[in-house]
Each structure stands twice: as structure tokens, then as C-alpha cells.
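Enquirer: Turn this into a model:
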Amino acid sequence: MKQHYIFIIVFCWLFAFSGKGQSIRKNHLEMTDYEKAELVNAFYLLREGPDLIDDLADFHMDFFNFDNTEDPTRLDIHFNLMSEPERDIFLPWHRRQMFEMEQAIQDINPRISLGYWDSSTDQSVNSPLWDEDLMGSFDENWELGRSLGSPGGTLISPQSLANLVATTDFYEFSNDFERGRGHASPHIWTGGVMPTSASPRDPVFYFHHSFVDKVWHDWEEIHQGSFYLSQSMLRYDGTYVFDGQTLPLVNPNDIIDTRALGVFYAEDQLAELDNYIVSNTYNPVEYFYYQYRIEAGDNFIVPAGTACTFESVNEIELLPGFTAEPGSEFEMKIDTETAALTGKALSRVPRTKNPFDYIADLKPIVWEEEENDDSPVILAAFPNPFTEKITINLDKNTDCKIEVFNMMGMLVKEESYQNTNSIVINKLYGLKVGVYVVRVTDNSGKLLLAKRVIKL
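Expert: I've put the predicted structure just below:
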């Protein structure tokens, strides 16, 4: 591959602003030996301090799912669609979890970022993902108990993944993704702690959930339809303290775009950086590193008083729409320092044994929905957009309740119906023009429909 680069530096002093971090996440197959070694180093080093890995795993266990408890109001992380969309935070919670982990490893080395495991194409137990220089050493040293290729964990095919991303309704996409082969199967396939609520103990969890996050990113880029009724998230509600620091309040609707966290996904040897403003909130220099081609343009801005570096092993190009303002510090460079290193030449922290505390009742999760569901099926919900009323047709008579929420999550209309297969929500002309969420539940509380609608 040709080597082409531009090198620009404008010197200034640095400030810190509220905003984002930075990273280019790439398929683990596109990571350099240097990135692999440094990322593995970081995972080992994190367990020598306050142990963020163990803390995230414990939190994940403590708040995994409360559907079967005596207190159904307790907040949790998983399985809230299709029954409880007002509690759903699955995708944004794990996005913020990936960001918390990535910030921790960038405190150790700002050049590195999380990789992702594309389980739709990378399905071999002999994949480089499981080599000793990447995920391999953790299995024995941390006593994770992996059993790669475990029965019941059939990984998703590329076509099935494409069909999933083509799903137009967000709630349907998110629910099918979480419970199905796209998200659940890699947990089961890996075995050990991965199919349990303690799955964040295994570093491959972060490679898997980075891919989960990428799939959501790809869906949102196409459909632009993600929406959450919840205004905050467990752990990220402004009250949780780790290592003496209170984690910030995060509204899931504020991180629907990965750029809100400074995260970009590269694939097929290309990283496209666009529609982003450098802020240096978490790092004094925002560092975007990728082995292959980096393109930056279309409103990628480095403001005065900020610092940003692009580094590639091969090629960088600035496109129309890229701006490095006067008074900013911007650098582009080709990595010749680490590119020629081999695995044996890299500095490594000791791969020491450090097993987790044993938990006696750690059991595999039942990921799939129950079969033989005889709940009514929505045949049609129209019109959308609406002006005065919405009609919803079911395939059988049922008792049900409808609720209409505005975009702030406030309930603006509620009605109940008995023994009907046609629901007509009347007198909606008084609602303000805008976007609403309609929710229909049966008499057992099971969600039949959650749909975004537009009032004209």
C-alpha cells in the first residue's frame, strides 16, 4: 500500500472543555502487534489497581435483570423490550460501559482503543482473537473457563446480520438484537463466564460489545430512529463513585450518536472521521490511531485551544470540510516507530495469574424469549404521521391499554379497551406538533406495540 501523509503543526497552549474522548475502534484483525500488546498490557494493569474490570463485572451482575424478583420496579440493564420500554437502556448502557473502559486504558496509553470482534464473519476457535498475544492468556490466568464453540451458541450469519440492521422499527431491532444471535450467541459460544451475568470479567466481552455497539451505530446511521424514554442510566446517574470519582449523569438519548463520545468505527482498511469537534475533555491530546487509511473531512473541526493527532501506519488524507483553526495544535504523522515491531520485540507487563473470587450461584443466562407465545399480534398501526387519531388492528380480541408519551417521556394520554381487535385512539388533535411514542400492552402487562409516531 502506498504511503502518503501530510504533516501540520500549529503550536499553542491547551485547554480542557466539556465534551468527548476519542478513538478509532477497529476489527481486531486490523490491529497492529503494538496495539494488541499494549491493549493486553492495559487489561492486566487495570486489575493491579482499583480493578475496574472487577467493578464493572460486579455492577453488571448486581443489576443484570430483575424481571423475576418480587419488586418489578427495580431498575436493571437487560431484557426490558418489548415489555418495559420505559426501563430499556441496554444499548446505551453498554455503549457508556465501553467508553468507561476505553478511557481507563487510554489513561495508560492514549494511542490505543478497544478492538471489536465481528462474530458474523470471525467464527473459528482458531481465530487470532484467541491467540496468546491477544485474548488467549486471560483464560488460564484469570480462570475464565472458556469453552469456545459451546453448543447453543450458533453465531449470526452475515445475511442475518444484514436483515437485522434492515429492521425499521427501533424497538424490534433492539429486542431481537439483544436476545438473538447478534448479541446473545457470542456469549454462549465463548463459554465460561461469558454466558453468565459476570461476563465483563472476560476481556473478550469488550471486543464483543464494541461490535454490538458498532451494529447499533450502523443501524442508526441508516434509520436515525433510536429513542429512549429513560432520562438517565444505572451507574451513570450522577451518584455512582468508583476510585474516588463520581461518574457523570448520562441521558441515553445524548449518546445515540457515537460521535458524542468521540468514537469512530473503522472497517475494510478505512477510518472516516466526520461531523466532530475536538474538545480535549478526557485527554490533553485527542489521538486517532489506525493502521490503514484515515480520511478526515465533512465538518471535522479542531478548534483553537485544542490538540489533536492523526496517526496511521500507511495513509492519511484531509478532505473538504476538515478545519484546524488558528491557535489549535494539530499533527498528522505516519507511525514508523511501532509499525516494524514484531510480537517478540514488544514490551509486555507480566501475564500474572489473578483469578476472580468464586461465586457459587453463577449460572448461565436464559437469553431467548419463551416459545409458544399466544399474545395478540399487531397487524397494522396507522396513519403515521397522524393528525386526529391512530388506529391499531390486532389479530385477535384482547383486553389492552394504550399509553402515549411525548419525547420527554411524559405520559400525555392513557386509555383501556376490553375484548377488542381494533383500537382507535381518538381526540389527538390537541397534541402539539412533534414526535410521540405509542405503547400498547395486554391485560398481563406484556408489550404488544411500542412505536414512534409523528403528529402533524
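
Enquirer: Let's see the lengthiest strand in the chain as CSV, backbone CA atoms only.
Expert: Longest strand of the chain, by residue count under DSSP state E: strand 390-406. Provided in CSV are the C-alpha atoms of strand 390-406 (Å, rounded to 0.1, in the frame of the first residue of the first chain):
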residue,chain,number,x,y,z
ILE,A,390,-54.4,6.5,15.3
THR,A,391,-56.0,3.0,14.5
ILE,A,392,-54.3,-0.2,15.7
ASN,A,393,-55.6,-3.6,14.4
LEU,A,394,-54.8,-6.9,16.3
ASP,A,395,-55.2,-10.5,15.0
LYS,A,396,-57.5,-11.4,17.9
ASN,A,397,-59.7,-9.8,20.5
THR,A,398,-58.0,-8.8,23.7
ASP,A,399,-58.1,-6.5,26.7
CYS,A,400,-55.4,-3.9,26.4
LYS,A,401,-54.2,-0.5,27.4
ILE,A,402,-52.7,2.3,25.3
GLU,A,403,-50.3,5.0,26.5
VAL,A,404,-48.9,8.0,24.6
PHE,A,405,-45.7,9.6,25.7
ASN,A,406,-44.1,12.8,24.5
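
Enquirer: What's the mean pLDDT across it?
Expert: Here strand 390-406 scores 86 as its mean pLDDT.

Enquirer: how many neighbours does residue 170 have?
Expert: Taking other CB atoms under 10 Å as the neighbour definition, residue 170 ends up with a count of 23. Placement of C-beta: from N, CA and C, glycine included.

Enquirer: ok, it to residue 450 distance?
Expert: As judged by CB to CB, to the nearest Å, residue 170 and residue 450 stand 9 Å apart.

Enquirer: do residue 81 as well
Expert: In terms of CB to CB, residue 81 sits 7 Å off from residue 450.

Enquirer: Name the residue in the two with the higher neighbour count.
Expert: residue 450 (26 against 23).

Enquirer: can I assume the more buried one is in contact with residue 84?
Expert: No: Residue 450 is beyond contact range of residue 84, at 9.7 Å (criterion: CB atoms under 8 Å).

Enquirer: what's near enough to touch the closest residue to residue 185 other than its chain neighbours?
Expert: With sequence-adjacent residues excluded and distances taken as CB to CB, 6 or more residues apart in numbering, residue 185 is closest to residue 153, at 4.8 Å. Applying CB atoms under 8 Å, 6 or more residues apart in numbering, we find residue 153 in contact with 185, 186, 187, 188, 189, 190, 191, 195.

Enquirer: For residue 153, what are phi and psi?
Expert: Here is the backbone geometry of residue 153 (degrees, to the nearest 10): phi -110, psi 50.

Enquirer: name the helices or strands packed onto the longest strand of the chain?
Expert: Counting contacts by 3 or more CB pairs under 8 Å, 6 or more residues apart in numbering; DSSP states H and E, strand 390-406 packs against strand 378-382, strand 411-425, strand 434-442, strand 447-455.

Enquirer: Flag every buried residue along stretch 391-409.
Expert: Neighbour-count burial for stretch 391-409, counted by 16 or more other CB atoms under 10 Å, picks out 392, 393, 394, 398, 400, 401, 402, 403, 404, 405, 406.

Enquirer: Report the two of these separated the most.
Expert: Spatial extent of the buried residues of stretch 391-409 (CB to CB) is set by the pair 398 and 406 at 26.1 Å.

Enquirer: in this protein, which ranges drop under the pLDDT threshold?
Expert: Residues of the chain meeting the criterion pLDDT under 70: 1-20, 67-72, 342-345, 360-361, 368-375, 378-379.

Enquirer: Could you pull out the helices in it for me?
Expert: Counting by DSSP state H, the chain has helices at residues 33-46, 52-62, 90-108, 137-141, 158-166, 170-179, 184-190, 204-223.

Enquirer: mind putting these in CSV, distance to residue 123 included?
Expert: Shown next, in CSV, are the helices of the chain (distance: least, CB to CB, whole Å):
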stretch, distance to residue 123
helix 33-46, 20
helix 52-62, 25
helix 90-108, 22
helix 137-141, 18
helix 158-166, 10
helix 170-179, 18
helix 184-190, 8
helix 204-223, 13
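
Enquirer: For residue 280, which of these is the nearest?
Expert: helix 90-108 (12.5 Å).

Enquirer: other SSEs contacting that closest one?
Expert: Looks like helix 90-108 contacts helix 33-46, helix 52-62, helix 170-179, helix 204-223 (3+ CB pairs under 8 Å, 6+ apart).

Enquirer: Make CSV out of these and add distance to residue 271.
Expert: Below are those laid out as CSV (distance: least, CB to CB, whole Å):
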stretch, distance to residue 271
helix 33-46, 13
helix 52-62, 26
helix 170-179, 24
helix 204-223, 13
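
Enquirer: how about residue 231, phi and psi?
Expert: phi -110, psi 0.

Enquirer: Could you pull up the residues touching it?
Expert: Going by CB under 8 Å, 6+ apart, residue 231 touches 251, 252, 253, 408, 409.

Enquirer: The last one reaches residue 230, doesn't it?
Expert: Looking back up the chat, that one is residue 409. Yes: applying CB under 8 Å as the test, residue 409 and residue 230 come out as touching, 7.2 Å apart.

Enquirer: what is in contact with the two at once?
Expert: What both residue 409 and residue 230 touch, as defined by CB under 8 Å, 6+ apart, is the set residue 86.

Enquirer: Count the neighbours of the residue lying closest to residue 82 once chain neighbours are set aside for me.
Expert: The shortest distance from residue 82 to any non-neighbouring residue, by CB to CB, 6+ apart, is to residue 447 (4.1 Å). A total of 18 residues lie near residue 447 under the criterion other CB under 10 Å.

Enquirer: Just confirm residue 447 contacts residue 83, I think it does.
Expert: Yes: counting by CB under 8 Å, residue 83 is a contact partner of residue 447 at 4.6 Å.

Enquirer: list the residues that contact both of those two?
Expert: With CB under 8 Å, 6+ apart as the test, residue 447 and residue 83 both reach residue 441.

Enquirer: Spit out the residues that contact residue 81 and residue 450 alike.
Expert: Shared contacts of residue 81 and residue 450, defined by CB under 8 Å, 6+ apart, comprise residue 171.

Enquirer: Let me know the distance separating residue 402 from residue 434.
Expert: Relative to residue 434, and taking CB to CB, residue 402 is found at 18 Å.

Enquirer: residue contacts, the residue lying closest to residue 237 once chain neighbours are set aside?
Expert: Excluding the flanking residues, the one nearest residue 237 by CB to CB, 6+ apart is residue 249, at 5.9 Å. Shown in contact with residue 249 (CB under 8 Å, 6+ apart): 232, 236, 237, 238.

Enquirer: switch to 10 Å and redo it
Expert: Residues near residue 249 by CB atoms under 10 Å, 6 or more residues apart in numbering: 231, 232, 233, 236, 237, 238, 239, 240.

Enquirer: Next: residue 283.
Expert: 16, 20, 21, 22, 23, 103, 106, 107, 110, 262, 307, 308.

Enquirer: My guess is the fourth one contacts residue 112. True?
Expert: Think residue 22. No: using CB atoms under 10 Å, residue 22 is not in contact with residue 112; the gap is 11.4 Å.
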